[in-house]
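*Asks:* Any chance you can model this:
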Amino acid sequence: YVQVEGIPSPEAIDTLQKGVTINIKGKLYHTQPCHASIVTAEPNLPPRTPPIRFRKSVPDCWLSLTLTEGKNRQVRHITAAVGHPTLRLVRYAIDNITINGLLPGNYRPLSPAEVKGLLAWRSP
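*Replies:* Just a heads-up that it's a prediction; the model follows:
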């Protein structure tokens, strides 16, 4: 999930889905297409410490992004490229492993099947 400044237009969402040209280490890179959608209800996440800056005159919005690659700071770069800087970023899932039920600072061991799935997911 990514909380962005402003409310993205359908065109901005479409641009995210088609891929965005960003600058990676001084070189232009066109990102792979991703799934992007506006989240209608704020995700059930613990509050952030310190809290995100609040500005009455600038609305914010939550997006759900599903990427197939992970360049350095990619989410921050692509949301900024479509005019909506990232305010908060939460990795909700990797494959079928989610943060459901975990509080900040907590963890749980992965099952052998989850580890096997992640290794298969990460293979080229």
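*Asks:* which residues does the nearest residue to Arg76 once chain neighbours are set aside bridge with?
*Replies:* Spatial nearest neighbour of Arg76, excluding adjacent residues (C-beta to C-beta, 6 or more residues apart in numbering): Thr86 at 4.6 Å. (Each C-beta comes from the backbone N, C-alpha and C, glycine too.) With DSSP bridges as the criterion, Thr86 is bridged to Val4.
*Asks:* thinking Thr86 is in contact with Val75, fair?
*Replies:* Yes. The criterion here is C-beta atoms under 8 Å, and Thr86 meets it with Val75 at 6.2 Å.
*Asks:* quick one on the thing from earlier: and the residue nearest to Arg76, how many neighbours?
*Replies:* When neighbours are counted by other C-beta atoms under 10 Å, Thr86 registers 17.
*Asks:* list the contacts for it?
*Replies:* Thr86 makes contact with Val2, Gln3, Val4, Val75, Arg76, Thr79, Ala80, according to C-beta atoms under 8 Å, 6 or more residues apart in numbering.
*Asks:* ok, residues contacting the helix or strand the last one falls within?
*Replies:* Just to be clear, that refers to Ala80. Per DSSP states H and E, Ala80 falls inside helix 74-81. Under the criterion C-beta under 8 Å, 6+ apart, residues 2, 4, 15-16, 20-24, 31, 34, 63, 65, 67, 71, 85-86, 89 lie in contact with helix 74-81.
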